[in-house]
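[1] With the sequence up front, the predicted model follows.
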Amino acid sequence: MKLKTHIMAIVIFLVVLLILGYFLITPKNKKSNQNPYALELEKYHRVDSQLYCKANISSLKIVPVNPVGICVDACGTMYVTSRQSLFKLDKNGTVISEIKLPGNAGSLSFGPNNKLYVSLTNRIVVLNTGGKIVAEWETVNPAGFITSVAVNKNFVFAADSYTKKVYWFNFEGNIVKISGQKNADSPATDFVVPSQYFDCAICSDKNIWVVNPGRQLLVKLDSSGNELQHWGKSSTGPEGFCGCCNPSHLGVMNDGSFITSEKGIPRVKKYNARGELQCVFNLKFPEGTTGLDICTMGNDVIYVLEPARQLVHRIELPSNNLQ
Amino acid sequence: MKNKLKMIIPENGNGGKLNRREFLKTGLRSIALLSLAGVGAKLLQNSVSHDEVWQIDPNKCTQCGKCATACVLNPSAVKCVHIYQMCGYCNLCGGYFQPSAKDLNTAAESQLCPTKAIRRTFIEDPYYQYTIAEELCIGCAKCVKGCGSFGNGSLHLQIRHNICVRCNQCAIAQVCPSDAIVKVPQSQPYLFKTGNK
C-alpha cells in the first residue's frame, strides 16, 4: 500500500516536472503568427508577365564581397569595385586581377581616352589600362560622397550625394561647372537626394542624364548645364518609381532608351527614349535588395550588379529589339 | 574502511544499508532539490537584473508586429523613435505614406500608420519633417518597415523606459522571432541605429 503511494507520488512529481519543463525549458515558440499590422510589399513586387522584357538573362556569381559598381569594356571584361579594390573579371566571372586602391571604391566609368575613372568616397582616381593610378584629383568636399561617375568627350561628371551637386571636371581634374543649384525656373535640377543613391549617365548625344531621386525624375542637361528635358513619376506600379530615393541607378542605351533600377520594390525596367515604360526584366530579387548598379553596352547588352548575393546579371536583348 | 563508511552514511539501524523507503525518500528529495535548482537557474537567467533594462536591437528587428500585441501594457511600451540625422526629410516618405497613396497629403487614407501617430510638417520645398506622437504610437513597426524599405531607415522601435514596467521576463522577448529584445546596461538604455541605407 505504502509502495503504491510512493509510486503515485513519484508519478505526480514527474508530471509536474514535465509541465514545468515544457514552460520553462523548451525553446520559445518562434512560429510567428499573423501580423495584424503587416506592411505587405509582396503584392507590389508582382509584375504582369505580359510586361516582361524579351531577353536572355544569365547570372554569374562573383568573388568580390560587397561590390558597389560595375563597368564592362568592349571585350566583355568586367570591372567591379569592392571595398578598397578594383577587380578585373573575365566573361565567366573569374578574377583576372585585383588592383588595390587608396580608399573605398564606388562608382566607375571608362573615358574616351581608355582611362578608367573611379570614385573613392569624396575624390576621383584615374587609372590607365594597366591598372596603374595616373592621377588622383582633389576632393570635391571633405564630407562628400561621390555616388556616380560618368564621362563624355569633354567632361568627367561626379554626382555627390552629400552636397547634392553634380561636379563637372575637365580632364586635368579641375572643376569647371557645378549643377544642382536652386533654380525656380527649373525645379527638376534642384537635386533632392535623401540617401546615398544619386546616379548619372551619358547618353548617345553625349549629354548627361541625372537622376533626381527625391523627385523621382530623370533630368537631361545640355553642355552648359541647363535643363533640356525631364521625365518620371512616382508610382508603385511598374510605370513609375516608388519611394523617396528612386530610381537608384540608371543606364542609357545607344538608342536613347533607359534602364533603371529601384530599391524598396527592387526591379529593373526599360523605358524608351520618351520615358515610356517598355518592359520589366524578369529578375527576382529578395526583399530589401539595394544597390543594383547598371552598366549598358550598345543597344542590346545590360549588366546588373546585385551586391547582396554577389551576382552579376547579364541581360541580352534581341538584336531587332522593338520593345 | 568500515569506520570511514560510517562517517559518510548516517547510521540507520540497518548496518549502513538503505531500505526501500529511505531510498525512495532520498531519491525524491534529490530530484526535488535538483528541479528547484534548475527552475531557479532558468528564472534567474531570464530575468533582468537591477542594473539592466530590456531594449530592442534595431539591427535584429524584423518588424513582425509582436511589440504591439505581446507587451503586458496596452498600448505597448514600445514606441517608434526617429533618428533625424538619418532622415532624408522626403516629400514622399515611405514611413508616412501608404505605398499606393494617390496624393501626398495628410489625408487619413494616405497614411500608413494605423493610429495616425506620425505628424508631417512642411519645412521648405520639397522637404518635410516627420514627428512621432508617442502617446498615439502602439509600436506596430509598420512605419519602420516602410521607412527601411523605401527610405533611409531613420525610424525604428525602442522600448520607452518611462513606460516599461520592467517585467522579469519581458513578454515581447518571449515571442520575438528574431531575438531582438536584449538586456542592456541601465546606463546606456537605448540602442539607436546609425549609418545610411
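    Arrived safely, thanks for sending. Numbers count the residues shown, from 1 in each chain, chains lettered A, B, ... in the order given.
[2] Count residues in the vicinity of the residue in chain B that chain A sits nearest to, would you?
    Of all residues in chain B, residue B:88 sits closest to chain A, at 2.3 Å by CB to the nearest CB. Where C-beta positions appear, they are placed from N, C-alpha and C, glycine not excepted. Using other CB atoms under 10 Å in any protein chain shown, residue B:88 has 24 other residues around it.
[3] List the residues that contact it.
    A:193, A:194, A:195, A:214, A:244, A:245, B:151, B:152, B:154 (CB atoms under 8 Å, 6 or more residues apart in numbering or on different chains).
[4] hey, where'd the helices end up in chain A?
    Per DSSP state H, chain A carries helices over the ranges A:2-24, A:42-45.
[5] In CSV, list the ones you listed along with mean pLDDT, mean neighbour count and distance to chain B.
    Listed next are those as CSV, based on pLDDT from 0 to 100; neighbours: other CB atoms under 10 Å in any protein chain shown; distance: least, CB to the nearest CB, whole Å:
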stretch, mean pLDDT, mean neighbour count, distance to chain B
helix A:2-24, 76, 11, 5
helix A:42-45, 86, 12, 6
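[6] of those, which approaches residue B:20 most closely?
    For residue B:20, the closest of the helices of chain A is helix A:2-24, at 7.5 Å, according to CB to CB.
[7] Could you report the pLDDT at residue A:188?
    Looking at residue A:188, its pLDDT reads 92.
[8] count of residues packed around residue A:276?
    11.
[9] residue boundaries of the strands in the stretch 1-150 of chain A?
    Using DSSP state E, counting those that start in this stretch, the strands of the stretch 1-150 of chain A run over residues A:56-61, A:67-72, A:78-82, A:85-89, A:95-100, A:105-110, A:116-120, A:123-127, A:133-136, A:146-151.
[10] Summarise which helices and strands the first one is packed against.
    What it means is strand A:56-61. Applying 3 or more CB pairs under 8 Å, 6 or more residues apart in numbering or on different chains; DSSP states H and E, one finds that strand A:56-61 makes contact with strand A:311-316.
[11] The strand it packs on - which strands sit beside it in the sheet, and in what orientation?
    Sheet pairing for strand A:311-316, assigned by DSSP bridges, gives strand A:56-61 (antiparallel), strand A:301-306 (antiparallel).
[12] and the first one, how far from the chain's centre?
    Relative to the chain's own centre, strand A:56-61 is displaced by 17 Å; criterion: CA atoms, centre = their mean, to the nearest Å.
[13] what sits up against it?
    By CB under 8 Å, 6+ apart, the surrounding residues in contact with strand A:56-61 are A:92-93, A:281-283, A:309-316.
[14] just the last one next, same as before
    Contacts to strand A:301-306, defined as CB under 8 Å, 6+ apart, come from residues A:67-70, A:72, A:78, A:80, A:251, A:253, A:259, A:261, A:268, A:281, A:283, A:285, A:289, A:291-297, A:311-317.
[15] Put the buried members of these into a PyMOL selection.
    For the buried members of the contacts of strand A:301-306, the matching PyMOL selection, counting by 16 or more other CB atoms under 10 Å in any protein chain shown, is:
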select buried, chain A and resi 67+68+69+70+72+78+80+251+253+259+261+268+281+283+285+289+291+292+293+294+295+296+297+311+312+313+314+315+317
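[16] so where's the chain uncertain?
    Picking chain A for this. A:1-2, A:21, A:23-33, A:320-323 (pLDDT under 70).
[17] not quite, I wanted chain B
    In chain B, residues with pLDDT under 70: B:1-18, B:39-49, B:195-197.
[18] Quick check: closest non-adjacent residue to the residue of chain B closest to chain A.
    Among residues not flanking residue B:88 along the chain, residue A:194 sits closest, at 2.3 Å (CB to CB, 6 or more residues apart in numbering or on different chains).
[19] To what extent is that neighbour buried, counted in neighbours?
    Based on other CB under 10 Å, the number of other residues close to residue A:194 is 29.
[20] Likewise for residue A:299?
    Residues lying near residue A:299 (other CB under 10 Å) number 14.
[21] Ok, the one 10 residues further on next?
    A total of 11 residues lie near residue A:309 under the criterion other CB under 10 Å.
[22] residues in contact with the residue nearest to it when sequence neighbours are not counted?
    Of all residues beyond its chain neighbours, the one nearest residue A:309 is residue A:286 (7.5 Å), with distances taken as CB to CB, 6+ apart. By CB under 8 Å, 6+ apart, the residues touching residue A:286 are A:266, A:308, A:309.
[23] Please identify which of those residues is nearest to residue B:115.
    Of all the contacts of residue A:286, residue A:266 has the smallest distance to residue B:115: 29.4 Å, by CB to CB.
[24] In chain A, which residue sits nearest chain B?
    For chain A, CB to the nearest CB, closest residue to chain B: residue A:194, 2.3 Å.
[25] from memory that residue sits against residue B:90, does it?
    Yes: using CB atoms under 8 Å, residue A:194 is in contact with residue B:90, at 4.9 Å.
[26] hmm, back to that, redo the strands of the stretch 1-150 of chain A as JSON lines? Include distance to residue B:70.
    Formatted as JSON lines, these follow (distance: least, CB to CB, whole Å):
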{"stretch": "strand A:56-61", "distance to residue B:70": "40"}
{"stretch": "strand A:67-72", "distance to residue B:70": "39"}
{"stretch": "strand A:78-82", "distance to residue B:70": "41"}
{"stretch": "strand A:85-89", "distance to residue B:70": "46"}
{"stretch": "strand A:95-100", "distance to residue B:70": "48"}
{"stretch": "strand A:105-110", "distance to residue B:70": "42"}
{"stretch": "strand A:116-120", "distance to residue B:70": "46"}
{"stretch": "strand A:123-127", "distance to residue B:70": "50"}
{"stretch": "strand A:133-136", "distance to residue B:70": "55"}
{"stretch": "strand A:146-151", "distance to residue B:70": "40"}
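[27] out of these, nearest to residue A:15?
    Nearest to residue A:15 among those is strand A:56-61; the distance by CB to CB comes to 54.4 Å.
[28] got the angle for that closest one vs strand A:85-89?
    Orientation of strand A:56-61 against strand A:85-89 (axes from the mean of the first three to the mean of the last three CA atoms, to 10 degrees) gives an angle of 130 degrees.
[29] Figure out which of the strands of the stretch 1-150 of chain A is closest to residue B:119.
    For the strands of the stretch 1-150 of chain A, the distance to residue B:119 is smallest for strand A:146-151, at 31.0 Å, taking CB to CB.
[30] and that closest one, which strands flank it?
    Strand pairing (DSSP bridges) places strand A:146-151 next to strand A:156-160 (antiparallel).
[31] can you list contacts of the partner strand?
    If you take CB under 8 Å, 6+ apart as the criterion, strand A:156-160 is touched by A:109, A:111, A:117, A:119, A:122, A:124, A:140-141, A:144-151, A:165-171, A:198-200, A:202, A:208, A:210.
[32] Put the buried members of those residues into a ChimeraX selection.
    Of the contacts of strand A:156-160, the buried ones go into a single ChimeraX selection, burial set by 16+ other CB under 10 Å:
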select /A:109,111,117,119,122,124,140,144,145,146,147,148,149,150,151,165,166,167,168,169,171,198,199,200,202,208,210
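[33] Report the beta-bridge partner residues of residue A:229.
    Applying DSSP bridges, one finds that residue A:229 bridges with residue A:220.
[34] so it makes contact with residue A:222?
    No: taking CB under 8 Å as the definition, residue A:229 is not a contact partner of residue A:222, at 9.8 Å.
[35] residues shared between the contacts of the two?
    Contacts common to residue A:229 and residue A:222, judged by CB under 8 Å, 6+ apart, are absent.
[36] Distance of residue A:123 relative to residue B:113?
    Going from residue A:123 to residue B:113 by CB to CB, to the nearest Å gives 42 Å.
[37] out of these two, which sits in the busier spot?
    Shown here are residue A:123 and residue B:113; by other CB under 10 Å, residue B:113 has more neighbours (24 against 20).
[38] Okay, the more buried one and residue B:142: tell me how far apart.
    Counting by CB to CB, the gap from residue B:113 to residue B:142 is 7 Å.
[39] before we move on, what about residue A:86?
    Between residue A:86 and residue B:142 the distance is 41 Å, computed by CB to CB.
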